[in-house]
Each structure stands twice: as structure tokens, then as C-alpha cells.
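Undergrad: For reference, the sequence and a predicted model appear below.
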Protein chains: 2
Amino acid sequence: MARLKGFKKLTIPSEALKKWLTILNPRKCEELEISVNEALNRVISSDIFAREDLPRFDKSAVDGYALLSTDTAGASQFEPIKFKLPGINTISYPQAFPIWTGNPIPKNTDTVVMIENTKKTKSHLEVYIQLPKGANVSKKGEDVKAGELAIRSGTLLKPQHLALISALGYESVNVSRKPMIGILATGDELVPLTESPSKGQIFESNRVMLAGLCKELGCKILDLGISKDDPKNISDKIRLALENCDCIITTGGTSVGKLDFVPEVINKIGTPGVIVHGIALRPGMPTGLAIVEKKPILILSGNPVAAMVGFEVFMKPLLFKMIGLNIDDRVIIKGTLIRKAATRLGRQTYLRVRVFKTNGQNFVEPISARGSSIISSLTKANGFVIVPANREGVRKGEIVSVLLFGPLESEKDV
Amino acid sequence: MARLKGFKKLTIPSEALKKWLTILNPRKCEELEISVNEALNRVISSDIFAREDLPRFDKSAVDGYALLSTDTAGASQFEPIKFKLPGINTISYPQAFPIWTGNPIPKNTDTVVMIENTKKTKSHLEVYIQLPKGANVSKKGEDVKAGELAIRSGTLLKPQHLALISALGYESVNVSRKPMIGILATGDELVPLTESPSKGQIFESNRVMLAGLCKELGCKILDLGISKDDPKNISDKIRLALENCDCIITTGGTSVGKLDFVPEVINKIGTPGVIVHGIALRPGMPTGLAIVEKKPILILSGNPVAAMVGFEVFMKPLLFKMIGLNIDDRVIIKGTLIRKAATRLGRQTYLRVRVFKTNGQNFVEPISARGSSIISSLTKANGFVIVPANREGVRKGEIVSVLLFGPLESEKDV
């Protein structure tokens, strides 16, 4: 009966994560070579160095005329200097060449004068401006020099990175393989969307959320379906997942009730089994962290809000390591709380909040929701305020940091 | 020769956009029904209302015992109240029922006491706390009430929205069809990655960037390849795209040089043709906005930075309308400039900057890059500071707003 008395000890979230990752020692998934056209939002797993200078040659940055800067000395709006152009034999003038943006700079020229600062006549070109050497020229190597590190391993490839990789002439890049994540929902009360719930049953809604969170980090999903609160069935599904996945996430069956079989099932499958169970986190107290066959298992609460928080706290840092991302790219913004909110001393609390903009200022509204089962609190919110365990609530008017997970609404300026 | 003198008149970016969108009157792409499992990051095109209450019944939010709150009156740590449990015939006590998180509340009970506040003996249950009616009960409909609007049309579906839609029992959702965007790069100097550049040639790098930007907004891409600076070839490709795409983006050939054929080719294909050409925008001055056969054509500069800025300024607002997104979800954060930066009076300027965090403060470093051809400036930067046309530069120490396009680096706190 002791286990029905609740968790004996709650572990601080950061300590729980550290313990899990230390024992697990997660490695980056192996790398594979893919076309740069397919590499959007993949994490590059090798450094990219420039094989040659970019640009490959001195080129014009404007439409105009290439010339020697020294030949423009003294030129002005009132005293233009005359130049000869190819095909116009006006031998006594210095030479200029018409040139368009991107063209290589001709021999014996070092500068480009913009069309706007010239006038072409039948016999010659007039230049109305004195130019320093190199004006309007993109110098060879000024973007990236040959041998220079252009993209660091561990970078999430956004459109601009693909542009640079292409400009450097790379057709393919090495990226880390997408981790395969197995997702299992447990609970006698759960029915899939294809069935009709009987009395006391509800539609299962965690798998699609967790799959979405994983996909946003570039993972593949193995959907393990829904398991009844039955140790054999749960065990079979986890064993199947261990064969086919890099990581497993379960929801439900992780509290201290008589049907909460997940932790003990995992402990029976292999060692070290459950490493942490019971976290000083709200919501998400019954979250568990396990390792079996060197594979991580994240045991999440069946409550959707707690599941999302548990994913944020434990799964994201793990997945960042598995995909080899070198920057935690979660966006944190600051804003002013418009209402106080209570939190419980001794628990790191993820407050659901809605950040909105008025007159360019960010305001933060706590979403009133009692339990961790209120899914609409997650769609009304667009971020979490993380309240440390040593705080008992946050005050109205306080400036807080918000971890964004949804779009920021701009209210019409009044 | 007049057109070689540069643009006669530059249009203010917001006016150019307004003019384009007004004439175009873009509609949301038609809707289609897809599985909720496939709906991540799609834009929902119909409101979702709850068909029944969520939760569907009063249920327990904790593991414990269901009872009548009035039966707990006066209970305390020192004076527990005794209850009978099913199967234990202790007739004189009020009734309690064991209950687990998520279970329906039994008849003739209205409250749940947590296991932690009870003690079970062989003959009865002791309750050590007085509870208000409804304590630890998730009330029917407290998440979403039957008939209530749960998800508004135009919402970008993130993982938490999919959870709510599933919890409400919807297997499928209506979303707007992905727009098909044709992307054409033009320029004699451009070679694809599959070839080796000759003298004066460069690797084409805009298509992969623009395709990535479009894909991030949920578009499909028709790659129109690279066209030489040849009116016939450009015209053929644009005509092909008009048949197969919702929108076309071109790069290059849009300045005032002798090989800048794109605008005049478009004008020959149909009306109204080019609506705006030459924008008071830096970089991106030669950007053009056109409409042919009621389809939008965005004519971008061949310079990668100018192309990205032109996309940001003109394509994103258009695509938001085409996909039916009701919130501009671009993230803007504030920070302190650590260096001054010059901008040109009369041009709205997109300064490339790197925002970084030190001791929880955001600092903004302008990326030194002369031209709009420096692609590495986009990978070193993670945001734009938009400097209005009436400003001549920004000052060191100034608080600026940054439109983020890359991850925020947190430097180790010192």
C-alpha cells in the first residue's frame, strides 16, 4: 500500500534530466548524405568549408562602367572627366567599360561608377564623381574566403543556409538521420478517433500532440497505438518499440494508482529501467525517466498539459542531442504580467500564459485553468512562464520570461 | 537610354504591397479535408465547435476516494472522519469509493479526496481533510462546453491544437490547399550545382532559398530552373508557370541594365502586368510586383539578401492570405544595439543583425556587410532590424525591434 501514498521523493527537474542524460550518454544519430534541395530544417552534421573564394572573382555590384579609380580624380558634377568606351575611338581619354551587376571586373580596372553618375554621349562617357579604389566592386572572397568555415556542424539548416551551401557549390550535405520515436498511449479509458467512447471513456489525444512535437524537431514516428492498462500489452508494445525506435514516449499509467503499470513493466524489461520517477514539476509530477537496452524511455503523465510540459523539459534537450543541434533555438521573450498567478512552493511550475502585444509592449496573461487536463488552456496560451520552485506565485506587473510555443497576437494599437 | 538612368520613382514598400494586393484581391486557396494526423502546421479553414462537453463527464483529477463533500465537514489531521468502502460493511459510516485519475465520479458523490489525505484500515477509510464541494473533480464541460468555438478558422495547427481537435472527437479537419509556387532564376552568369562554372559564372543559389522560405509557409514548389537572359526563354517559363502555379517568383533581370528583361517580358504576357517596379527598400530596390492572368508574380533581385528581404516584405503577407492564416506569427523581439549602423534616408532598410543573449538581456549586433550579395551575412545574422525611411541610421545603445529569422544564441553568463 505504500506506493498509494504518493511519491516519497520528488526530484528537481534539472537534476532528473542530468541524471538521465549522464547514464544514457546520448549520441548524435549517424549521418547521411542528402541533396541540398532536401535539407531544409535538417541539422548539418559536418562543417562546411569554402573550397574557393566566394565570390569567385571581383565583380560589379551595380550597373555602370568599370574604370581605374585614379582616372576619376577631381571629377565632380561641374567638372566631369571624359572616358573612352570600347568601339568609340577617342584615344586621348582613359578607358571605361560598360558593366552590369554581377559581371567580372575587366583587366586594368578596379572600380565601377554607377550609371546614375555618368552621361554617355556619341563620342565619349562623362563621369561626374570621384571614386575610391574598389568602389561598387564585390571583391573576390569578400563573402567567404577559400578555406573558411562557412557553416558549422550542428546548425539547423534554414533557407539562407541552403543558399550559402549552394553558392559554395555543394550539391549535397551530411545531416544526422531523423530519430525514430515510438509513441504509446496507455489507459483503459482511452478510445481512438475511429471508435465511439462508452460511458467513462474519452478520445485519446496525446499521441497526435506528441507526434507533432517530435516532427517539429525533425523526428519520424512509430505510432504504437493505445494500450489498455494491462502489463502484458504494455510490455509487448514497449519491446516492439525497443527493436524499431531510438527513443520511446509513453503517456498515462505513471502515477501511483493500482493501474499505473508503466514504470514496473519497464523495470521488468531491462536495466537500469526507471531512473527517476516523481519530479518537482507542475504539471508533470508523475513524469518518469527510464533507460532500457541503452534506449531512453520518457514516461509522461496522461494529462495533456503535463505531457506537453514533460516533453518540453525532458524530451527536447534529449532530441537536441540526438539530432546534433548545437543551439537551443527556443524563443524566450519578456513581458509584463497583467494578473498575479499562484504556484506551489517546491515545484518548478510551467504556467500557461497568453502573450500579446499592445502598443509595441508585450503583456502576459495567465490562462485560468485548474487542472493539467484542460487541453484548451494550451490552445488559448502561446507560451509558458517557468516559475522557479522557490517562488510562491508571480505578481501582477512583474516582468517575466515566456517560452513561446504559439504565435504572438498583435492587438490593434489604440 | 532613359531606363539606364535608374528608377525614376521609388514606391514606399507598404504602398507597393497595398496596391498589389488591392488589384490582386487574393483569395484563400480552396479547402480540403485531411486526417488530423496529417494536419500539423496546416491552416484550418473552418471553425471547430465542440459537439459535446469536454470532458464528457465529471471525472476525478487525482487518485483517491470519491465522497460527498458535506460528509467531510470538520475533518482534520487530529479528528479524521471515518467512511465505509465498497465491500467493507461498516454500515454506520458515510460512503466513499476508490477512484483513479480520469474515472467518472460515482453517483451520490461530488468530491474526491486525494490518497495522501486518507488512511485505509481493515475496517474503514479515514479522511483527514475537510473538502469543498467539487474538490479534485474535473467538471463536465470545464475544458470546452458543447457548442463552444474550440478552434478558430485561420489557425495554424500546432501539436496542441491537434490534441484538442482529437479530444473533441474529430478525425479530420478542413485545411486550405497548399499553394503551388513557381520559382525561376534568371541570369546568363548562373549555373546549376550539377555544372562547373566558367569564368564569370556563379552557382545559382536563390531557388533553394526561396523554395525553403515557401515550404516553411506550407507551399509546394514548381522549380522552373534557370533561364538565360533571353526574353523568349523567360517568357516560355513564366507561361508554363501560369498554367500550373498559384503564384510565381522570379529572381534577377529586374534592374535597369540592358539584359534586365523580366519586367518587359511579363508586360508582354498579359495585363495588368507590372504594377510596381522600384521600391524605396534597401536592399531590394529593383523588386517588382506584377499580376498576369489574375496570378501574382513577385520579381525579385538576383542578389540573395535583396531576394530574402523582398520575400519577407511582399511574399509573406500574400502567402498568409493564400493559406488563410489569421495571425502574422513572425516573432519580433527587442534588444539593445551594440554598434551604430548607417542607413540611407528615404529607404526602408532591412539591417541584418545578430541578436544574442547575455545575462538575460538581448543585444543586437549589426552584421557588417557592404552589399546585398553577401550571403554569409544572412547566416551570421538571425534577424532584421527594420529602419524606417525617415531615419538616417540607428544609434549605439538604441532599443530596436528585431524580426527573427534564425535561432537566438545564449552566451554563457559571465
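TA: Looks like it arrived, so ask away.
Undergrad: ok, now which ones touch A:Gln361?
TA: A:Gln361 sits next to A:335-336 when contact means Cβ atoms under 8 Å, 6 or more residues apart in numbering or on different chains. Every C-beta, even on glycine, is put in place using the N, C-alpha and C of the backbone.
Undergrad: 10 Å - rerun?
TA: By Cβ atoms under 10 Å, 6 or more residues apart in numbering or on different chains, A:Gln361 lies in contact with A:335-336, B:334.
Undergrad: what about it, distance to A:Pro13?
TA: A:Gln361 sits at a distance of 31 Å from A:Pro13 (criterion: Cβ to Cβ, to the nearest Å).
Undergrad: quick one on the thing from earlier: highest neighbour count among the contacts of A:Gln361?
TA: Across the contacts of A:Gln361, the neighbour count under other Cβ atoms under 10 Å in any protein chain shown reaches its highest value at A:Gly335, namely 23 neighbours.
Undergrad: Could you check which helix or strand contains it?
TA: Here A:Gly335 sits within strand A:332-337, counting by DSSP states H and E.
Undergrad: So what are the sheet partners of that strand and their directions?
TA: Its sheet considered, strand A:332-337 pairs with strand A:361-366 (parallel), strand A:399-404 (antiparallel) by DSSP bridges.
Undergrad: Let me have those in CSV, adding mean pLDDT as columns.
TA: CSV is the format used below for those (pLDDT from 0 to 100):
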stretch, mean pLDDT
strand A:361-366, 94
strand A:399-404, 94
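Undergrad: which residues sit against the strand holding A:Gly335?
TA: Contacts of strand A:332-337 from elsewhere in the structure, counted by Cβ under 10 Å, 6+ apart, are A:351, A:353-357, A:361-366, A:383-386, A:394-404, A:408, B:331-334, B:357, B:360-362, B:404, B:408, B:410.
Undergrad: residue contacts, A:Asn41?
TA: For A:Asn41, the set of contacting residues under the criterion of Cβ under 10 Å, 6+ apart consists of A:156-159, A:175, A:216-218, B:212, B:215-216.
Undergrad: of all those residues, which comes closest to A:Leu281?
TA: Proximity of those to A:Leu281, judged by Cβ to Cβ, is greatest for A:Leu217, which lies at 20.4 Å.
Undergrad: check contacts around the closest one.
TA: For A:Leu217, counting by Cβ under 10 Å, 6+ apart, the contacting residues are A:41, A:43, A:156, A:178-179, A:181, A:311, A:315-316, A:318-320, A:322-323, A:325.
Undergrad: Just the buried subset of the contacts of strand A:332-337, please.
TA: If you count burial by 16 or more other Cβ atoms under 10 Å in any protein chain shown, the buried members of the contacts of strand A:332-337 come out as A:351, A:353-357, A:362-366, A:383-386, A:394, A:400, A:402, A:404, A:408, B:332-334, B:362, B:404, B:408.
Undergrad: Could you look up the SS state of the residue nearest to the spatial centre of chain A?
TA: Among the residues of chain A, the one closest to the centroid is A:Asp329, at 4.6 Å (Cα atoms, centre = their mean). Look at A:Asp329: counting by DSSP: H, G, I helix; E, B strand; the rest coil, its state is coil.
Undergrad: Number of residues surrounding the closest residue to it other than its chain neighbours?
TA: Across the structure, with Cβ to Cβ, 6 or more residues apart in numbering or on different chains as the measure, the residue nearest A:Asp329 apart from its sequence neighbours is B:Pro407 (3.2 Å). One way to gauge burial is a neighbour count; for B:Pro407, by other Cβ under 10 Å, it gives 18.
Undergrad: For B:Pro407, list the residues it contacts.
TA: The contact partners of B:Pro407, by Cβ under 10 Å, 6+ apart, come to A:155-156, A:158, A:325-331, B:355, B:382.
Undergrad: Please apply the same query to A:Cys245.
TA: For A:Cys245, the contact set (Cβ under 10 Å, 6+ apart) comprises A:179-183, A:219-222, A:224, A:238, A:295-297.
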